[in-house]
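Engineer: Got a sequence here, can you model it:
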Amino acid sequence: MSNRIIIDAHLHLWERQQGEIEGKPVYSIGNGKSMFVGEIRQMMPPYLVDGKNTAERLLANMDYACVNGCVVTQEYMDGNQDEYLLKVKDKYPDRFRICSLYEERDDFELDGFDGVKICAGRLADQDLKKLLPVFQRICDAGKFVSIDMADGDAQVDDLQWVIDRLPNLRIAIGHFGMVTTPGWQRQIALAKNQNVYIESGGLTWLFHQEFYPYPSAIEAIREAISICGVEKLMWGSDYPRTMTDITYKSAVRFLLDTNRLTEAEKDAFLGKNAVRFYGFKNLTPLPEIGNML
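Structural biologist: Here you go, the predicted structure:
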């Protein structure tokens, strides 16, 4: 048994996918495929034949990969999953933290949720300063913000402006600052602020052309450590979309196997930082499950 606690800080769940991008629908058509703005895309592993991306299927993957807890974020392309996520949190309170979805309306949910997801790069008006009342409400409720920012540094100054006014607001910046785009280091540098962290959801997607074991992704983690320190970085898988070419266990294994991170850095990046940021409790290491290989 490993003594390491592992937290997945960025993944997605749904019972029914019914979203949209740029006014065009996104929905499951079976066998892991979805209609995505007029094109058929493999949105999930093909064995998810019914299009349901449920907590139970995720937990089976988590148990096999020895992942103790997770944070369910949301995306416009999947449709609002608030109702389903509340059921998941009620059923598995120790292993899940959940985000409601901010959809550019004042009636976004807070009750029962741990945080709020803001798809900042998809906002109709991408000036984050105009969302100060939204950030204030989240902060006053003691919730965190999960935010995917526009590529590069387009929204960095705006978010710093918000942080300066709400220094107690907990913010997790997603997709490792969109690490493969110019200016990503400025997103990482926002984590120099006390309550701002970076999570790596989608890291294997961003370095997909290089593929396993993602040496450039590891070097990007090393560069981020040099910018804000390892104590501000958290692992995320972006399950299930990233699982169309790799397994969930592989999304953890490339980090466990690298010699470019110390064991203490792996402990921090894979779990300790997320336990602190998201407030996980009562987690114990999971037994490793042998396979037929």
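Engineer: okay, now Met292: neighbour count?
Structural biologist: Met292 has 3 neighbouring residues, counting by other C-beta atoms under 10 Å. In this view, the C-beta of every residue, glycine as well, is placed from N, C-alpha and C.
Engineer: Doesn't it belong to a helix?
Structural biologist: No: Met292 sits outside any helix when classified using DSSP: H, G, I helix; E, B strand; the rest coil, being coil.
Engineer: Give me the buried stretch members for stretch 153-163, please.
Structural biologist: Residues Asp153, Ala154, Gln155, Val156, Asp158, Leu159, Gln160, Val162, Ile163 are the ones in stretch 153-163 that count as buried (16 or more other C-beta atoms under 10 Å).
Engineer: Please disregard the earlier target; I meant stretch 55-64.
Structural biologist: Ala55, Arg57, Leu58, Leu59, Asn61, Met62, Tyr64.
Engineer: How far does that stretch sit from its chain's centre?
Structural biologist: 16 Å (C-alpha atoms, centre = their mean, to the nearest Å).
Engineer: Show me the buried residues of stretch 55-64 that map onto helices.
Structural biologist: Those of those mapping onto helices are Ala55, Arg57, Leu58, Leu59, Asn61, Met62, Tyr64, per DSSP state H.
Engineer: Turn the buried residues of stretch 55-64 into a markdown table, including distance to Gly279.
Structural biologist: Below are the buried residues of stretch 55-64 laid out as a markdown table (distance: C-beta to C-beta, whole Å):
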| residue | distance to Gly279 |
| --- | --- |
| Ala55 | 19 |
| Arg57 | 25 |
| Leu58 | 20 |
| Leu59 | 20 |
| Asn61 | 23 |
| Met62 | 18 |
| Tyr64 | 25 |
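Engineer: Quick one: name whatever helix or strand follows the helix ranked longest in the chain.
Structural biologist: The longest helix of the chain (DSSP H) is helix 215-228. Using DSSP states H and E, the helix or strand that follows helix 215-228 in sequence is strand 233-234.
Engineer: ok, and what's touching stretch 33-47?
Structural biologist: 17, 21-22, 24-29, 31-32, 51, 53, 77, 240-241, 243-244 (C-beta atoms under 8 Å, 6 or more residues apart in numbering).
Engineer: Next, the distance between the ends of that stretch.
Structural biologist: Using C-alpha to C-alpha, to the nearest Å, the end-to-end distance of stretch 33-47 comes to 10 Å.
Engineer: Just the closest of the buried residues of stretch 153-163 to Arg222, please.
Structural biologist: Using C-beta to C-beta, Asp153 comes nearest to Arg222 of the buried residues of stretch 153-163, at 20.5 Å.
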